[in-house]
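A.B. asks: Predicted coordinates and the sequence they were generated for:
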Amino acid sequence: MTQPIIHQPNLAETSTEVRNILQTALDGKEVSVEDARKLAHTSGADLDGLVAVADAMRSETVGERVTFTLNRNINFTNVCFVGCKFCGFSRTKTAKDAYFLSVEDMVAKTKEAWELGAREVCIQGGLEETMDPWHYIRMVEGIKEAYPDMHIHAYSPMEIDYGAEITGLSVRDYLQKLKAAGLGSVPGTAAEILDDRIRGQLSPVKLTADRWEEIIRTAHEVGLRSTSTMMYGHVEEPDDWVYHMERLRNIQRDTGGFTEFVPLGFIHYNTHLFRIGKSRPGASMEDHLKIHALARVFFHGFIENIQISWVKMGPEEGSKCLHAGANDFGGTLMEENISKEAGSKYGEYLSGEAITHYIEQAGREPWIRDTLYENFASPYVTTTSP
Ligand SMILES: C[S@@+](CC[C@H](N)C(=O)[O-])C[C@H]1O[C@@H](n2cnc3c(N)ncnc32)[C@H](O)[C@@H]1O
Ligand SMILES: Nc1c(NC[C@H](O)[C@H](O)[C@H](O)CO)[nH]c(=O)[nH]c1=O
Ligand SMILES: N[C@@H](Cc1ccc(O)cc1)C(=O)O
Ligand code: SF4
């Protein structure tokens, strides 16, 4: 049981079955997997009901604040041997536009970010075969040495799996070394859909769902918090969203380590998966709304923050999800290659002022946050911003 919702939306137009499920959630009871599946299949007035309930839950649990971070994304290499069929970013080592940044390059990018006011760098890259086994740790050490107060949000479970493998360390020892070097938190990417049946269609070589879970649980156990994500709009069905969210909710029940949930809409344009006719062309607006709303309702009492990804959906469509359960606008990013290379049209950078504007336009209060949602500042009193 969690807090019941006091100001309940009018569900007069909602079907009896869906209204009963939503009422259970409003009363503060955990939504079952079976009920969540029904919510995942709603449309029309029933979807409107789900969205209204998600908005009420958001308002009573986190209020009218919409947060965001001043951060820079650094994709240190695009060379990758994994070959996910949904990825438009990765290159072979010999490709003309293949790159691999040195630690010095990364420190220079961090310097630019720091000077513009960013306090987080989000580092992820391809998996490079001939890389120095200690490179992931060296990047963290190099950045921390130059900028001890920059929060480093880095390395998906896929990269952690690889780093542990090439150094010969256990996942726990490897994560402890990353943490000792200054790693602050872990992006919960590489999750896609946490079901090996779907993963086989997307990327047979990628780590299994169980391995993803083991790495995330271990990260939380050693004191590294993480985000949680789900990539949708490709081959999966609504029941798969629920299965995925249930795995995340169970992890959160045990560890409490997730800071937020970030639905990542699939960008299809330059991907093998779409070209060979094996996927949908991303998600519809209806699905974006449904997933953010379902996440708010299903994670109620478990995960407080639901982040929109403006790089995937665009700031306008993303803003609509702020009325469907979401309360976080992500970050300024400054540069972004993964969505861009897959063909996303929304650019790689939004200034703090631009994000503030979108949040105001949605009728909410903009607040700058740190990565772990521990400190908040008003964007109206900060002078610089990336
Ligand atoms: C590109 S990877 C970088 C880190 C690492 N190589 C990995 O795969 O975990 C980070 C995440 O971006 C997301 N992503 C990749 N390609 C995408 C696409 N075309 N559309 C939406 N999200 C995508 C996936 O969820 C993936 O796990
Ligand atoms: N870095 C990307 C994000 N989000 C990162 C967040 O801005 C930030 O790191 C997080 O809020 C930490 O709490 N989302 C994307 O879709 N693409 C990125 O590259
Ligand atoms: N939003 C994710 C990071 C991310 C990075 C790149 C992406 O393509 C998608 C997501 C997080 O904060 O953990
Ligand atoms: S999603 Fe990550 S692991 Fe997969 S091909 Fe792209 S960079 Fe490599």
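C.D. replies: Done, it's in. Ligands and ions are numbered 1, 2, ... in the order given.
A.B. asks: Can you tell me how far the nearest residue to residue 332 once chain neighbours are set aside is from residue 308?
C.D. replies: Leaving aside its sequence neighbours, residue 332 sits nearest to residue 386 (C-beta to C-beta, 6 or more residues apart in numbering; 4.7 Å). (Glycine included, C-beta is placed from N, CA and C.) Look at residue 386 and residue 308: by C-beta to C-beta, to the nearest Å, they are 19 Å apart.
A.B. asks: which of those two has more neighbours?
C.D. replies: Taking other C-beta atoms under 10 Å, residue 386 and residue 308 do not tie; residue 308 has more neighbours (30 against 22).
A.B. asks: residue contacts, residue 162?
C.D. replies: Counting by C-beta atoms under 8 Å, 6 or more residues apart in numbering, residue 162 touches residue 127.
A.B. asks: Make sure I have this right: it is in a strand.
C.D. replies: No: looking at residue 162 with DSSP: H, G, I helix; E, B strand; the rest coil, it is helix, so not inside a strand.
A.B. asks: what's around the closest residue to ligand 2 within the stretch 1-150 of the chain, how many residues?
C.D. replies: Distances between the stretch 1-150 of the chain and ligand 2 by C-beta to the nearest ligand atom are smallest at residue 122, namely 4.0 Å. By other C-beta under 10 Å, 25 other residues sit near residue 122.
A.B. asks: And residue 253, by the same measure?
C.D. replies: As a burial measure, residue 253 scores 11 neighbours (other C-beta under 10 Å).
A.B. asks: Report the separation between it and residue 247.
C.D. replies: Distance from residue 253 to residue 247, by C-beta to C-beta: 11 Å.
A.B. asks: got it, and residue 324?
C.D. replies: Per C-beta to C-beta, residue 324 is found 22 Å from residue 247.
A.B. asks: Can you pick out the residue with more neighbours from those two?
C.D. replies: residue 324 (25 against 21).
A.B. asks: Would you check that my belief about that one contacting residue 57 is correct?
C.D. replies: No: between residue 324 and residue 57 there is no contact under C-beta atoms under 8 Å: 10.7 Å.
A.B. asks: Pull up the overlap in contacts between these two.
C.D. replies: Applying C-beta under 8 Å, 6+ apart, one finds that residue 324 and residue 57 are jointly contacted by residue 296.
A.B. asks: Count the residues that sit near the spatially closest residue to residue 167 that is not a sequence neighbour.
C.D. replies: Excluding the flanking residues, the one nearest residue 167 by C-beta to C-beta, 6+ apart is residue 133, at 4.6 Å. Look at residue 133: counted by other C-beta under 10 Å, it has 15 neighbours.
A.B. asks: now do residue 335
C.D. replies: By other C-beta under 10 Å, 16 other residues sit near residue 335.
A.B. asks: What separation is there between it and residue 231?
C.D. replies: 21 Å.
A.B. asks: Likewise for residue 35?
C.D. replies: Relative to residue 231, and taking C-beta to C-beta, residue 35 is found at 24 Å.
A.B. asks: now swap in residue 70 and tell me
C.D. replies: 25 Å.
A.B. asks: which residues are there in the stretch 251-386 of the chain that come within reach of ligand 1?
C.D. replies: 264, 266-267, 271, 312, 338, 342 (C-beta under 6 Å from any ligand atom).
A.B. asks: so what's the backbone phi/psi at the residue of the stretch 201-350 of the chain found nearest ligand 1?
C.D. replies: Residue nearest to ligand 1 within the stretch 201-350 of the chain (C-beta to the nearest ligand atom): residue 342, separated by 3.4 Å. In terms of degrees, to the nearest 10, the main-chain angles of residue 342 are phi -80, psi -10.
A.B. asks: in the protein, which spans are strands?
C.D. replies: 65-69, 71-74, 120-123, 151-154, 183-186, 225-232, 258-265, 305-306, 328-331, 365-369, 376-377 (DSSP state E).
A.B. asks: Dump those strands to a markdown table, plus mean pLDDT.
C.D. replies: Below are these laid out as a markdown table (pLDDT from 0 to 100):
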| stretch | mean pLDDT |
| --- | --- |
| strand 65-69 | 98 |
| strand 71-74 | 97 |
| strand 120-123 | 98 |
| strand 151-154 | 98 |
| strand 183-186 | 98 |
| strand 225-232 | 98 |
| strand 258-265 | 98 |
| strand 305-306 | 98 |
| strand 328-331 | 98 |
| strand 365-369 | 98 |
| strand 376-377 | 96 |
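A.B. asks: so what pLDDT did the residue nearest to residue 167 get?
C.D. replies: The score at residue 133 is 98. That number is its pLDDT.
A.B. asks: check contacts around it.
C.D. replies: If you count contacts by C-beta under 8 Å, 6+ apart, then residue 133 has 163, 166-168 around it.
A.B. asks: That one and ligand 4: what is the separation?
C.D. replies: Computed as C-beta to the nearest ligand atom, to the nearest Å, the residue 133 to ligand 4 distance reads 18 Å.
A.B. asks: how close does that residue sit to residue 155?
C.D. replies: 14 Å.
A.B. asks: out of residue 35 and residue 231, which sits in the more crowded spot?
C.D. replies: residue 231 (24 against 21).
A.B. asks: so what's that one bridging to?
C.D. replies: According to DSSP bridges, the partner residues bridging residue 231 are residue 264.
A.B. asks: Is it correct that it is in contact with residue 268?
C.D. replies: No: counting by C-beta under 8 Å, residue 231 does not reach residue 268; the two are 11.2 Å apart.
A.B. asks: Nearest to ligand 2: which residue in this structure?
C.D. replies: With C-beta to the nearest ligand atom, the shortest gap between the chain and ligand 2 falls at residue 331, namely 2.6 Å.
A.B. asks: That residue: what's it in contact with?
C.D. replies: By C-beta under 8 Å, 6+ apart, residue 331 lies in contact with 68-71, 73, 120, 122.
A.B. asks: How much space separates it from residue 227?
C.D. replies: Using C-beta to C-beta, residue 331 is found at 11 Å from residue 227.
A.B. asks: where does the stretch 151-300 of the chain come near ligand 3, residue by residue?
C.D. replies: 187-189, 227, 229, 262, 264.
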